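Colleague: Show me how the following folds:
(chains A and B)
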2 protein chains.
Amino acid sequence: MKLQNDLILRAARGEKTERTPVWMMRQAGRILPEYREVRKSIGGFKELVETPAAAAEVTVQPVDILGVDAAIIFSDILVIPEAMGLSYQMVEATGPWFEKTISSESDIQKLKIAEAGDLDYVMQAIQLTKKALNGRVPLIGFAGAPWTIFSYMIQGKGSKTFSEAKKFLYTEPVLSHKLLHKIAESTINYLKGQIKAGVDIVQIFDSWAGVLSPEQYKEFALHYISMICDAITEVPVIVFAKGAHFARKEMSKLNCDVIGLDWNMDIKESRQMIGNNKTLQGNIDPCLLYADEGTIQLETEEMLKAFGPLRHIANLGHGLYPDTDPEKVKFFVNTIKNFKHLD
Amino acid sequence: MKLQNDLILRAARGEKTERTPVWMMRQAGRILPEYREVRKSIGGFKELVETPAAAAEVTVQPVDILGVDAAIIFSDILVIPEAMGLSYQMVEATGPWFEKTISSESDIQKLKIAEAGDLDYVMQAIQLTKKALNGRVPLIGFAGAPWTIFSYMIQGKGSKTFSEAKKFLYTEPVLSHKLLHKIAESTINYLKGQIKAGVDIVQIFDSWAGVLSPEQYKEFALHYISMICDAITEVPVIVFAKGAHFARKEMSKLNCDVIGLDWNMDIKESRQMIGNNKTLQGNIDPCLLYADEGTIQLETEEMLKAFGPLRHIANLGHGLYPDTDPEKVKFFVNTIKNFKHLD
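Modeller: A predicted model of the protein is given here:
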């Protein structure tokens, strides 16, 4: 089916667009009362992820309510460790928690390489979403980057430093590569499954990029992102490595179309480091949406001017924070949609 | 009293030294069994901070046990909000917690500007430490940077995003400046008191620098660090702003002697951004100390070569993590002390 709004896909490929397209990380989620209602009726976060009809419903909500230029499938990066053999729980107010973690070679051997079929509920949710979207906007698929998935599999939960996961890199580099390779292969299968099910573009989230040194990031993180980018040839690929300011030059060599910037990264400096062959995505501080409309408009327009009219997909520099007022989010989206770049 | 080892002071001033000096953030603390014994006998972390003889004892321990080139007074950055009128508790395994937080103009008006006399227990600990050190190595004093102190005063506890504190910056910029100004004035009084009590050099810790956008960092953080640097003329000043990679060029203009780098910051790139008029401090990943001795030696020597023989104080890029083996820490210190730069 031909898309009625393909702005994001055209911007990703570097084509000229009538205006800058916009979507937001975590746009489907806690900020919307409509989302909280569905979630409540289903039980909890994980049940929602695993129930295709409900996941599809909340995926479409921000397209209807906020007016964004893309939907992103409602899911979680931790479905991959689960499909590989490590199940997790989502603990209210604390975050994810793994009962078993990885600490030895035999632990790694026991893990299976996930296949798309292991995550059939995601594939079903994608198919239902595509049907519900009916060509209005593209659907974004996603997966966690291998290093981020690895950190959860070793550490077993969120952490400020991920020092357990980093300790494993320093003490067991060979095993670390084995595990990262298995995760990367699983991720490729998973993303290819998502593409087959209908997503129009995919994003790789490296949420914990910022805890590694530049050398470790190159060896243990970027290498596997690169492997995934090379494997995904069917649709455009977005890579968002939060905190990896030190890797921007290296990332310009990735076989991907779009690089996400967090709000710490200077726009002009990033463009200079990354060059003109990538589309950049981002990068408003999610806390800006706490400000009044005048401030939101001013800073959003400054961002749009700094990125310029070409090769930019507007977004936040991180996911929406849960206590953000949906009216402010709509105002942010409309500011972008109404903005005219000077010729 | 003349110092027997003034390597750190000379390196801070840009003078030639026989070898690269070394100390570590959090060197006085949980990694040493000798520290845990003193702490246990006193009761808890806060009691230890507030008991001058015990604080002096644990301050000197790493000089004796680890062989570092400086002591840093054992204390906490949160003594300043407490002296201003907001007391805190240190909750085991969770971190600091403030019963009262700041949310209005009248809250800010009620805060007093702290004087050195309000923190007499710190001054006494410094005097006792100087006596115990007996001129062996310099003593480092310290304070939190105003933005970091501000974030705790608003948020009331640690946070991954400090979104409450950032919300206050976006919604109440005028009040934010009022509060930051009061904190900066208190910090100047406090650091001047520490210098009078005997510290030879001071460090300003901006632990939460990394959550702000470049523009906000300049307006709400760097401005007040600059105010403090301008006021402290008696001893060298070190500024460590963790995560403020985006502010390195700006920081070169500060009236300080040393700029600390975290382990994410590339050494050559940082030197280029900051120029040759500042000493740089850092920047080994604290997780390297989990590795074997061969790896520690290799990476430490690579760091020393990258910084070069001049204008460098060796350190970690963050505080020591609590489960680090003291033997590995000694090995790291000795690797630095034994390293000979090529002429």
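Colleague: wait, isn't residue A:205 in contact with residue A:142?
Modeller: Yes - counting by C-beta atoms under 8 Å, residue A:142 is a contact partner of residue A:205 at 6.2 Å. Any C-beta I mention is one placed from the backbone N, CA and C, and that applies to glycine too.
Colleague: which neighbours do the two share?
Modeller: Contact with both residue A:205 and residue A:142 is made by residues residue A:77, according to C-beta atoms under 8 Å, 6 or more residues apart in numbering or on different chains.
Colleague: Show me where the stretch 51-200 of chain A has its strands.
Modeller: Along the stretch 51-200 of chain A, counting by DSSP state E, counting those that start in this stretch, strands occupy A:71-72, A:88-91, A:95-98, A:139-144.
Colleague: ok, and what's touching the first one?
Modeller: So that's strand A:71-72. For strand A:71-72, the external contacting residues (C-beta under 8 Å, 6+ apart) are A:23, A:25, A:27-28, A:59-60, A:62-63, A:129, A:133, A:137-142, A:203.
Colleague: Counting only helices, which of the residues you listed make the cut?
Modeller: Among the contacts of strand A:71-72, DSSP state H puts A:59, A:60, A:62, A:63, A:129, A:133 in helices.
Colleague: what residues are up against the first one?
Modeller: Neighbouring residues of residue A:59 by C-beta under 8 Å, 6+ apart: A:28, A:71, A:72, A:73, A:74, A:125, A:129, A:139.
Colleague: Relative to residue B:176, which of these is nearest.
Modeller: Of all the contacts of residue A:59, residue B:176 sits closest to residue A:28, with 32.3 Å by C-beta to C-beta.
Colleague: Get me the contact residues on the stretch 51-200 of chain A for chain B.
Modeller: Neighbours of chain B within the stretch 51-200 of chain A, by C-beta under 8 Å from any C-beta of the partner chain: A:160, A:161, A:163, A:166, A:167, A:169, A:170, A:171.
Colleague: is it true that the last one touches residue B:288?
Modeller: Meaning residue A:171. No - using C-beta under 8 Å, residue A:171 is not in contact with residue B:288, being 10.7 Å away.
Colleague: between these two, who's got more neighbours?
Modeller: The neighbour comparison of residue A:171 against residue B:288 (other C-beta atoms under 10 Å in any protein chain shown) goes to residue B:288, with 24 against 14.
Colleague: which residues sit in contact with the spatially closest residue to the more buried one that is not a sequence neighbour?
Modeller: Spatial nearest neighbour of residue B:288, chain neighbours left out: residue B:299 (5.5 Å); criterion: C-beta to C-beta, 6 or more residues apart in numbering or on different chains. Listed by C-beta under 8 Å, 6+ apart, the contact partners of residue B:299 are B:284, B:288, B:291.
Colleague: again with residue A:159
Modeller: In this structure, residue A:159 makes contact with A:151, A:165, judged by C-beta under 8 Å, 6+ apart.
Colleague: Pull up the distance across stretch A:230-245, start to finish.
Modeller: Terminal residues of stretch A:230-245 are spaced 22 Å apart (C-alpha to C-alpha, to the nearest Å).
Colleague: what comes up buried for it?
Modeller: Using 16 or more other C-beta atoms under 10 Å in any protein chain shown as the test for burial, stretch A:230-245 gives A:231-232, A:235-245.
Colleague: go on, stretch A:283-298?
Modeller: Residues of stretch A:283-298 classed as buried: A:283, A:284, A:285, A:286, A:287, A:288, A:289, A:290, A:291, A:296, A:297 (neighbour count, 16+ other C-beta under 10 Å).
Colleague: Just the ones of these in helices?
Modeller: Checking the buried residues of stretch A:283-298 against DSSP H, those in helices are A:296, A:297.
Colleague: which residues of the stretch 201-343 of chain A score low on pLDDT?
Modeller: For the stretch 201-343 of chain A, the stretches with pLDDT under 70 are A:343.
Colleague: For it, just list every one of the strands.
Modeller: Along the stretch 201-343 of chain A, counting by DSSP E, counting those that start in this stretch, strands occupy A:201-206, A:237-241, A:258-260, A:279-284, A:312-316.
Colleague: Reformat those as a markdown table; add distance to chain B.
Modeller: As requested, those are exported to a markdown table (distance: least, C-beta to the nearest C-beta, whole Å):
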| stretch | distance to chain B |
| --- | --- |
| strand A:201-206 | 14 |
| strand A:237-241 | 12 |
| strand A:258-260 | 15 |
| strand A:279-284 | 9 |
| strand A:312-316 | 11 |
